[in-house]
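Participant: Predicted coordinates and the sequence they were generated for:
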Amino acid sequence: MKIFAAGSRPSMRAREDYFTGVVWQDPIIDAPAPARLRAIRVSFEPGARTAWHTHPLGQTLHVLSGSGFVQKAGEPARPIRPGDTVWIPPGDKHWHGAGPETAMVHLAMQEALDGVTAEWLEQVSDADYASAEG
């Protein structure tokens, strides 16, 4: 058993090649093998979002605060709010992030397949993001 004391691990600014805008990540768990779970608390400032991406074993998002959007490629963006939980099946191309004027914080949980939890693709364009508002 291992306990990670609150505040013992620093927040990290998310990689600009995987995100648009200001995004902070706080590690929850990167479980050692044979476990495969990785969980991260992700804080999106208004207008911030992920790039398009997929997960080899799927992803679960649980919204903690604020409001934002999640979108699967080929479908309209859907609003997400505190208490909402989103399951994204393996291989589904998608993005998620804050609303244009609201911050959003969610837990992102996914499993690694051969050490890989995500395949990062192109950035979500400003035009595609603007269409999320309807």
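Facilitator: That came in fine, so what should we check first? Residues are numbered from 1 along each chain as shown.
Participant: how about the strands in this protein?
Facilitator: Secondary structure of the chain (DSSP state E): strands located at 12-13, 19-20, 23-30, 37-44, 49-50, 53-54, 59-66, 68-72, 78-80, 85-88, 94-98, 104-111, 119-120.
Participant: so which of those strands gets nearest residue 5?
Facilitator: strand 23-30 (12.7 Å; CB to CB). Backbone N, C-alpha and C define where each C-beta goes, glycine included.
Participant: Which strands and helices lie in contact with that closest one?
Facilitator: On a contact count with 3 or more CB pairs under 8 Å, 6 or more residues apart in numbering; DSSP states H and E, strand 23-30 meets strand 12-13, strand 37-44.
Participant: Let me see the mean pLDDT of it.
Facilitator: For strand 23-30, mean pLDDT rounds to 96.
Participant: Please apply the same query to stretch 108-117.
Facilitator: 95.
Participant: Use 20 as the first number for this chain going forward.
Facilitator: Sure thing, new numbering starts at 20, so read that last one as stretch 127-136.
Participant: got the end-to-end distance for that stretch?
Facilitator: Stretch 127-136 has an end-to-end distance of 11 Å (criterion: CA to CA, to the nearest Å).
Participant: Please point out which parts of that stretch sit buried.
Facilitator: 127, 128, 129, 130, 131, 136 (16 or more other CB atoms under 10 Å).
Participant: how near is the third one to residue 47?
Facilitator: Okay, so that is residue 129. Taking CB to CB, to the nearest Å as the measure, residue 129 falls 12 Å from residue 47.
Participant: Common neighbours of those two, please.
Facilitator: Counting by CB atoms under 8 Å, 6 or more residues apart in numbering, the residues touching both residue 129 and residue 47 are residue 58.
Participant: Surely residue 109 and residue 77 touch.
Facilitator: Yes. Using CB atoms under 8 Å, residue 109 is in contact with residue 77, at 4.6 Å.
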